[in-house]
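Peer 1: Sequence and predicted structure below; questions after.
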Amino acid sequence: MKHRPNLVCMSLMLCGIMLLSVHNSDPAAAGTQRKVILFVWDGLRPDSVTPKTTPNLWGMSQGGVFFHKNHSTYPTFTMMNSASINTGDFPGKSGFYGNWVWLGPNTLQGKDFSNRPVHFSQPVFTEDWNILTSLNAYYSGHLFLVTRLLEAAQAKGLKTCIVGKSGAAFMFDLTRAGCGIDENMAFPEPLAAELQNNGYPLPENTPVMWPGIKLGANNGRPTASGAKSFLSDGVTLDPTAGTTSIFYSADLYMLDTYLNYILPNKDPDLSVIWFRDPDSTEHLYGPGSAACTDSLAGMDAMLGRMLTRLKALGIYDNTDIMVVSDHGHSSVAGDVSLFPLRDIRSGAAVTTGANPVGGYSVSGDVRLAQLLTDNGIAANVYDGSGCIKDPVMSGMLPQGARVYPTLTDTEGTVCGKGPGYQYNTRSFVVPAPPPEDAVVIAANGGSDYLYVANKNVNTVKGIVSFLQSREEFGAIFVDDSYGAVRGTFKMSTVNLEMTGRNPDIIVSYNYNENAAVQGMKGTEYESMLGNRGMHGSFSPVDVHNTLIASGPDFKSGFHDHVPSGNIDVAPTIAHLLSLNLPNTDGRVLYEAIKNSRTRVWVTLPRSVLTSGPVKGLTFYKPTAIMNANCMIDHGKSSYKTELVTSTVKDSTGKSVTYFDYAKALRQ
């Protein structure tokens, strides 16, 4: 691999630019126990923080510390980054992979948050306390191979609380040693009972965790979301009709329960609040939608509500607040030269014509299982999903033809949903038991995990070659055990290698960081999930996320241009609370802390690693399922991947490398 540091920036560094120092401090040594609130705005892009839409957060960013170069952990999924924020580590050390994972051939069965049966022979979705609990039992109590932040706080005798999004918040307190409330339960059981006795409704699935809790007749569904808006086909999301967040009321219920009961009565020292907006609204209607703007305003109003309550309780001046997002967010869309943006009229996407500025995406969804199967790359490929109806986002060509044509299950034998059911891709549910040569895909959105059951190196190389040939796919990472596979990086290069847990192949979908939908830059292909917004890729738009800090231990009015990452959140909070969280991949953000004597500097502002090129390839545009001569992108035959990184070091000897983006180059 080639190593090409930016020589101009290197010379600036050698001259001492970016060197930061102040006095050392021990924030928790002043007597009164410091309090910390970690507030996660899921999917918050830094360019969404504005004085107009988010005045409270904007004020915090200007009055506290704004980290201009923060990094999400790749793959830029929610649960992957919950793990990194939770532990301070990359997955190659923590051992956790999400959102969707496959455990391999097994007979493990469990339940989800609503008590429905879950068969772990299929890929499973980890945003669920019950599934996480089953996975922790499967790994004999070692779902995480490192110490978690709240675990360290509890070991010191501090009180903790988690609030918010299913799975992502719960994972911080996997063993339920503190207290919490999320979209599906409250714990411990005495807290659930207290809330009931004090007139608070409970999340409707609380009795799944606590069978002894009986919901009252007037409990309602306080964490239920509103109705989604669809086009007339009933499956394609309609950003022109859905103009408000359908998640605000649930988030507000959980926040008010925390502010009005848990905070004054349980007095937590460390709280993690994780709400699904703006991310879930971005998924539905896109990051440039009116609904997304509404979700941002709602989140900001809740931040203002929290600040007011902290002041009323007299604890504002003793509370450090860190606002972070797990990742950025992109619009789901293919190459606009192949799939022009379209108007939406009368509940349908128009089939001809283009509106490059005000139009909406009609492309971006990809069914990798079908591509591999129909192109003869592997015989037994599965992704755990049945037939999918996705007539618009699966790709509408300029004259209205579809990449995945709509088919009719005349006799009801293909999809099992009755005669006449229409679909665009057929079922790829994992059979029991799966064939020895099965290839199982955990479809995760902006990146996919591929598990090759028999670990056949030729199968792996064949899949990689196919992915390189199709232009809807981007950077590829392969398990180290397969050796050097040309055009790819080993997983250990980006801290993804954990023998026995990582997939065999991780592929980022291709992206265009400069293309825009509804005025927001950043587009990417995704697994066939029907979303208008997605993340998970190695795009700089997905990687570049938000981090803002404010409070008695943070500098005021400081704009931090030193690279940082989600892996730095846990060690920084551990430093503020004097917790034992040793040997993390992340660093303490000393440059943002008052009176710190630790010097911090950028050793490599921009380093480019290049994979070995693959030559003589034929590239296919993603305009049909099966490769054909009419799809060939002529004039290109070479493939390589660039991985861009930046590295920071401090005077304690800590050095951290952040991954800015990875891009597949076809030339």
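Peer 2: That came through fine. All values derive from a computational prediction rather than experimental measurement.

Peer 1: since we're on Thr50, how many residues are nearby?
Peer 2: 14 (other CB atoms under 10 Å). For the C-beta atoms, the positions are set from N, CA and C on the backbone; glycine is no exception.

Peer 1: What's the first helix or strand after the helix or strand in which Leu576 is found?
Peer 2: Using DSSP states H and E, Leu576 maps to helix 569-577. Next helix or strand after helix 569-577 toward the C-terminus (DSSP H and E): strand 600-610.

Peer 1: Flag the shaky bits of this structure, pLDDT-wise.
Peer 2: For the chain, the stretches flagged by pLDDT under 70 are 1-31.

Peer 1: okay, now the residue nearest to Asp585 when sequence neighbours are not counted: neighbour count?
Peer 2: Closest residue to Asp585 apart from its sequence neighbours, by CB to CB, 6 or more residues apart in numbering: Asp89 at 4.6 Å. Counted with other CB under 10 Å, the neighbours of Asp89 add up to 27.

Peer 1: Isn't Asp89 up against Leu581?
Peer 2: No: Asp89 is beyond contact range of Leu581, at 9.8 Å (criterion: CB atoms under 8 Å).

Peer 1: ok, Gln122 - contacts?
Peer 2: By CB atoms under 8 Å, 6 or more residues apart in numbering, the residues touching Gln122 are 102, 384, 429-430.

Peer 1: Let's see which of the residues you listed end up in strands.
Peer 2: Among the contacts of Gln122, the subset assigned to strands under DSSP state E is empty.

Peer 1: Isn't Gly353 up against Val362?
Peer 2: No: the pair Gly353 and Val362 does not pass the contact test of CB under 8 Å, sitting 11.3 Å apart.

Peer 1: list residues touching both of these two?
Peer 2: What both Gly353 and Val362 touch, as defined by CB under 8 Å, 6+ apart, is the set 340, 342.

Peer 1: Between those two, tell me which one has more neighbours.
Peer 2: Remark: of Gly353 and Val362, Val362 carries more neighbours, 26 against 11, as counted by other CB under 10 Å.

Peer 1: The more buried one: which element?
Peer 2: Applying DSSP H and E, one finds Val362 in no helix or strand.

Peer 1: Next up, the contacts around the closest residue to it other than its chain neighbours.
Peer 2: Nearest residue to Val362 in three dimensions, chain neighbours excluded: Met396, at 3.9 Å (CB to CB, 6+ apart). Met396 makes contact with 339, 342, 349, 351, 362-363, 402-403, according to CB under 8 Å, 6+ apart.

Peer 1: Could you tell me which of the residues you listed belong to strands?
Peer 2: Ala349.

Peer 1: who wins for neighbours among the contacts of Met396?
Peer 2: Ser363 (28 neighbours).

Peer 1: Please state the backbone phi and psi of it?
Peer 2: Ser363 adopts backbone torsions of phi -160, psi 170, taken as degrees, to the nearest 10.

Peer 1: For my notes, confirm Asn219 occurs in a strand.
Peer 2: No: going by DSSP: H, G, I helix; E, B strand; the rest coil, the assignment for Asn219 is coil, not a strand.

Peer 1: Might one say that it is in contact with Gly199?
Peer 2: No: judged on CB under 8 Å, Asn219 makes no contact with Gly199 at a distance of 10.9 Å.

Peer 1: Give me the more crowded residue out of these two.
Peer 2: Asn219 (15 against 8).

Peer 1: Now the more buried one: closest residue in space that isn't a chain neighbour?
Peer 2: Here the nearest residue to Asn219 in space, its sequence neighbours aside, is Pro201; by CB to CB, 6+ apart that works out to 4.7 Å.

Peer 1: need the contact list for the spatially most central residue of the chain.
Peer 2: The centroid of the chain falls nearest to Phe77 when counting by CA atoms, centre = their mean (2.2 Å). For Phe77, the contacting residues are 98-99, 326-327, 444-447, 535-536, by CB under 8 Å, 6+ apart.

Peer 1: what's the spacing between it and Glu204?
Peer 2: From Phe77 over to Glu204 the distance is 27 Å, taken as CB to CB, to the nearest Å.

Peer 1: Asn424 too?
Peer 2: Relative to Glu204, and taking CB to CB, Asn424 is found at 33 Å.

Peer 1: what about the two, which has more around it?
Peer 2: Asn424 (24 against 18).

Peer 1: what's the neighbour count on the residue nearest to that one when sequence neighbours are not counted?
Peer 2: Computed as CB to CB, 6+ apart, the closest residue to Asn424 that is not its neighbour in sequence is Tyr404, at 4.2 Å. Tyr404 has 22 neighbours, counted by other CB under 10 Å.

Peer 1: pretty sure Tyr404 contacts Ile625?
Peer 2: Yes: under the criterion of CB under 8 Å, Tyr404 makes contact with Ile625 at 6.5 Å.

Peer 1: So for these two, which residues contact both of them?
Peer 2: Taking CB under 8 Å, 6+ apart as the criterion, Tyr404 and Ile625 both touch Gln370.

Peer 1: Show me which residues of stretch 127-140 are buried.
Peer 2: For stretch 127-140, the neighbour count (16 or more other CB atoms under 10 Å) marks 127-136, 139 as buried.

Peer 1: And stretch 553-566, by the same measure?
Peer 2: 553-555, 558, 560, 562-566.

Peer 1: Farthest pair within those?
Peer 2: Farthest apart among the buried residues of stretch 553-566 by CB to CB are Asp553 and Pro563. That separation is 21.0 Å.

Peer 1: if I look at the closest residue to Cys161 other than its chain neighbours, how far off is Val40?
Peer 2: On the basis of CB to CB, 6+ apart, the spatially nearest residue to Cys161 that is not a chain neighbour turns out to be Pro268, at 3.9 Å. Pro268 is 16 Å from Val40, where distance means CB to CB.

Peer 1: okay, these two: which has more neighbours?
Peer 2: The neighbour count for Pro268 versus Val40, taken as other CB under 10 Å, is higher for Val40 (30 against 22).

Peer 1: first to last residue in stretch 328-339, what's the distance?
Peer 2: Stretch 328-339 has an end-to-end distance of 24 Å (CA to CA, to the nearest Å).

Peer 1: quick one on the thing from earlier: could the contacts of Phe77 go into CSV alongside secondary structure and distance to Arg597?
Peer 2: Listed next are the contacts of Phe77 as CSV, based on DSSP: H, G, I helix; E, B strand; the rest coil; distance: CB to CB, whole Å:
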residue, secondary structure, distance to Arg597
Gly98, coil, 38
Asn99, coil, 40
Asp326, coil, 32
His327, coil, 33
Asn444, coil, 42
Gly445, coil, 43
Gly446, coil, 40
Ser447, strand, 40
His535, coil, 37
Gly536, coil, 39
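
Peer 1: Show me which of those is closest to Ala312.
Peer 2: Of the contacts of Phe77, the one sitting nearest to Ala312 (CB to CB) turns out to be Asp326, at 29.6 Å.

Peer 1: Verify the stated contact: the closest one with Gly43.
Peer 2: Yes: Asp326 lies in contact with Gly43 (CB under 8 Å); the separation is 6.9 Å.

Peer 1: Secondary structure class of the residue nearest to Cys161, three-state.
Peer 2: coil.

Peer 1: Going forward, the N-terminal residue is numbered 852.
Peer 2: With the count now opening at 852, the last piece we talked about shows up as Pro1119.

Peer 1: doesn't Ser1378 make contact with Asp1216?
Peer 2: Yes: at 7.5 Å, Asp1216 and Ser1378 qualify as touching, with contact defined as CB under 8 Å.

Peer 1: Contacts only, for the residue nearest to Asp1436.
Peer 2: With CB under 8 Å, 6+ apart, Asp940 has these contacts: 934, 997, 1418, 1435-1437.

Peer 1: So which of those residues wins on neighbours?
Peer 2: Busiest of the contacts of Asp940 [other CB under 10 Å] is Ala934, holding 31 neighbours.

Peer 1: ok, that residue - contacts?
Peer 2: Counting by CB under 8 Å, 6+ apart, Ala934 touches 924, 940, 942, 945, 947, 949, 995, 1022.

Peer 1: Adding distance to Thr1094 and secondary structure, write those out as JSON lines.
Peer 2: Listed next are the contacts of Ala934 as JSON lines, based on distance: CB to CB, whole Å; DSSP: H, G, I helix; E, B strand; the rest coil:
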{"residue": "Thr924", "distance to Thr1094": "32", "secondary structure": "coil"}
{"residue": "Asp940", "distance to Thr1094": "40", "secondary structure": "coil"}
{"residue": "Pro942", "distance to Thr1094": "37", "secondary structure": "helix"}
{"residue": "Ser945", "distance to Thr1094": "39", "secondary structure": "helix"}
{"residue": "Phe947", "distance to Thr1094": "36", "secondary structure": "coil"}
{"residue": "Gly949", "distance to Thr1094": "31", "secondary structure": "coil"}
{"residue": "Phe995", "distance to Thr1094": "40", "secondary structure": "coil"}
{"residue": "Met1022", "distance to Thr1094": "32", "secondary structure": "helix"}
